[in-house]
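> Predicted structure and sequence below. I'll ask about it afterward.
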Amino acid sequence: MVAWYTEADDKPRVQAAFSSDAGATWTKPVVVSTGDTQGYASTALNADGSALVSWIEEGPNSASVRVRAVSPSGAPGPVLKIAEGSRQSLGYPKLIHSGSETWIAWGDKSGVKTAQLK
């Protein structure tokens, strides 16, 4: 599974694709992000083959960290807003999956924050 930021065709977005053969072939990319995407994509692969993808989105007054699950078939789940703040204060959000848990870390004015995703 891989996720990336692109501005192809003047359309900023985060896309994701899956591979079941160690990267020899890939599924058709699906758009994961919504709104005014700033990028900073991170991914975590779950034991069931699905993945979580995070990114930063710019709003009218602030930026936000967003997360969305994507099934191996490419079907995106609902978007979750994890945090909100200035683009600079949010840092570079990162996802990690370990055992049966998935966590996300990001910045805010007081330092690094974390949350377990369920």
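Noted; the coordinates are in hand.

> From now on I want contacts and neighbour counts done on CA atoms only, so please keep to that.
Noted.

> I'd say Gly85 and Pro60 touch.
No. Counting by Cα atoms under 8 Å, Gly85 does not reach Pro60; the two are 11.4 Å apart.

> Secondary structure of Val112: a helix, I assume?
No. According to DSSP: H, G, I helix; E, B strand; the rest coil, Val112 belongs to no helix; its state is strand.

> Run a quick neighbour tally on the closest residue to Val31 other than its chain neighbours.
With sequence-adjacent residues excluded and distances taken as Cα to Cα, 6 or more residues apart in numbering, Val31 is closest to Gln15, at 4.4 Å. By other Cα atoms under 10 Å, 19 other residues sit near Gln15.

> Same check on Trp103?
Trp103: 15 neighbours (other Cα under 10 Å).

> list the buried ones in stretch 27-39?
Under the neighbour-count criterion of 16 or more other Cα atoms under 10 Å, stretch 27-39 has Val30, Val31, Val32, Ser33, Thr37, Gln38, Gly39 buried.

> just these now: which is nearest Gly77?
Closest approach between these and Gly77, by Cα to Cα: Val32, at 9.0 Å.

> tell me which element the residue of the chain positioned farthest from its centre falls in.
No residue in the chain sits farther from the centre than Ala24, which is 23.2 Å out by Cα atoms, centre = their mean. For Ala24, there is no helix or strand it lies in under DSSP states H and E.

> Then Lys28?
Using DSSP H and E, no helix or strand contains Lys28.

> shouldn't it be in contact with Ala3?
No. Lys28 is beyond contact range of Ala3, at 12.0 Å (criterion: Cα under 8 Å).

> overlap in contacts of those two?
Taking Cα atoms under 8 Å, 6 or more residues apart in numbering as the criterion, Lys28 and Ala3 both touch Ala17.

> picking that back up, what's the farthest-apart pair in the buried residues of stretch 27-39?
With Cα to Cα as the measure, no two of the buried residues of stretch 27-39 lie farther apart than Val30 and Gln38, at 17.0 Å.

> No more questions from me, cheers.
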